[in-house]
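Undergrad: Next one to model:
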Amino acid sequence: MSEAETVAQRWQADLWYLAKLVGATIALFALAGLLAGVSNNVIAGFLVRMVFYAAIFGLLTLALNLHWGYTGMFNIGVAGFMAVGMYVMAFLTASPEATPAGLGLPVVVGALGGIVAAGAMGAIVALPALRVRADYFAIITLGFSEIVRLTLLSDLLQGIRIGDTVYGTGGANGIGFASVSGLVTAASNLPIASQAVGGLELLAGLIGIRVPVVNRFLYVVMLILFVLVYYVLLSRVGHSPFGRVLKAIREDELVAQSLGKNTDRVKITAFALGSALMGLGGILWLGEGSYVSPQSFKPIITFYVFVALILGGSGSNTGSVVGGFAFAAFLYEGPRFIRTLVRTNIDIQAPSTIYDALLALLGGDVIGTFGFFVESLDKLRWIAIGLVLVVLMIKRPEGLFGDRKEIAAAVPLSARGDDRE
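TA: Numbering: from 1, shown residues only. Got it, this is the predicted structure:
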């Protein structure tokens, strides 16, 4: 069997596994909601939101996997590249009459500009990678991310008057722009698509699902298509000669250099490509709305993406997608849905502090203590994330799909017994 056939079979198996995982998770949450008496619109809204975040984290995790999983470059500045892409897109598409003003260009042009800007910034940031390694490079990327966020917050760039027009970042107030979701709206208004969308809205209305949920579902469909494009693109990169050099750098850069590979150029190219994809991920995430502020790009975003990649397994594109979905479904959005289930069935008067909750428990008020923890699920999920990371590091440090980590060699190097003769 040829390598191409082997890769094709693995893709098919991975897609089938992912389809089963997504289908089973959606069925589990939908059944739990129906049994708890939650309305169809609330259930559908949660499922669409869950898949939305799963797609977003899948996109960002795939991009990070190119840096860390393939090349071994420890990038903890994901949020910074997202911010560059999003703010350039916002400036290019914002109305010239707004404050701060923009150039009023089409969304597609703005998105392309944001991708190019994020990629160019990635190439600049990658230059120190030629002189530093591992933890030091991580510090550089973290510093870059915070420099971007604090620059966007600064009064110096908040508003710059040129003639009668004020340009700038808007500081803490942020900046408005043309929403990316307008592309989906325009596509759904085409003659062929409009009938299908109308039928979908009619069917959804019959089971109590409102139009805004349907509209967001259409946007999520576009995100899923981007995940497929990312997956195919990065899988092709990984199996190309360029990708094999990346993995050789990850294993031992000195050996790759001794074989005549220009590792400096390869690392800069890979980092620029991954940064551009992160910029696009930021655009697709925050571009659904029509407003963005620097507070959307805190370092915690980078932490989310790393948790998703660790969960799925670095070095594996399939693991990246699975990790993004598992993180979004069970750690990011799942606890909030559990709170909705409880609120629907139990009228809880929860204590305001953990001290009051413990006093209530000592007094025999189990429901009140339970209510406190339910109402605190947004905060308690951080504990859950920490526990998951600890368990993974002990039981399966390579992640769920760590066994799929791609080697640098173009052919299998395992012994083949008598076939070696």
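Undergrad: which residues of the stretch 1-150 of the chain score low on pLDDT?
TA: Flagging of the stretch 1-150 of the chain using pLDDT under 70 yields the residue ranges 1-8.
Undergrad: so where do the helices sit in it?
TA: 3-35, 40-64, 78-93, 107-126, 134-153 (DSSP state H, counting those that start in this stretch).
Undergrad: which secondary structure elements does the last one contact?
TA: Contact analysis of helix 134-153 by 3 or more C-beta pairs under 8 Å, 6 or more residues apart in numbering; DSSP states H and E lists helix 78-93, helix 107-126 as its packing neighbours. For glycine as for every other residue, the C-beta is placed from the backbone atoms N, C-alpha and C.
Undergrad: List of residues touching the very next helix or strand once past it?
TA: Using DSSP states H and E, the next helix or strand after helix 134-153 towards the C-terminus is strand 160-162. Under the contact criterion C-beta atoms under 8 Å, 6 or more residues apart in numbering, strand 160-162 has outside partners V166, Y167, G168.
Undergrad: so which of the helices of the stretch 1-150 of the chain gets nearest K261?
TA: helix 107-126 (16.3 Å; C-beta to C-beta).
Undergrad: Check which residues of that closest one are buried.
TA: Residues 107, 110-115, 117-122, 125-126 are the ones in helix 107-126 that count as buried (16 or more other C-beta atoms under 10 Å).
Undergrad: if I look at the closest residue to D264 other than its chain neighbours, how far off is E253?
TA: Once flanking residues are discounted, D264 sits nearest to L130: 4.9 Å by C-beta to C-beta, 6 or more residues apart in numbering. With distances taken as C-beta to C-beta, to the nearest Å, L130 is found 11 Å from E253.
Undergrad: Give the residue from these two that has the larger number of neighbours.
TA: E253 (18 against 12; other C-beta atoms under 10 Å).
Undergrad: gap between the helix or strand hosting the more buried one and the chain center?
TA: Using DSSP H and E, E253 sits in helix 241-258. Centroid separation for helix 241-258 versus its chain: 27 Å, with C-alpha atoms, centre = their mean, to the nearest Å.
Undergrad: How about stretch 396-409?
TA: 20 Å.
Undergrad: now stretch 287-301
TA: Centre to centre, stretch against its chain (C-alpha atoms, centre = their mean), the figure for stretch 287-301 is 13 Å.
Undergrad: Give me the nearest residue to the residue most central in space within the chain, chain neighbours excluded.
TA: When C-alpha atoms, centre = their mean is applied to the chain, the residue found nearest the centroid is F57 (2.1 Å). Once flanking residues are discounted, F57 sits nearest to G324: 3.6 Å by C-beta to C-beta, 6+ apart.
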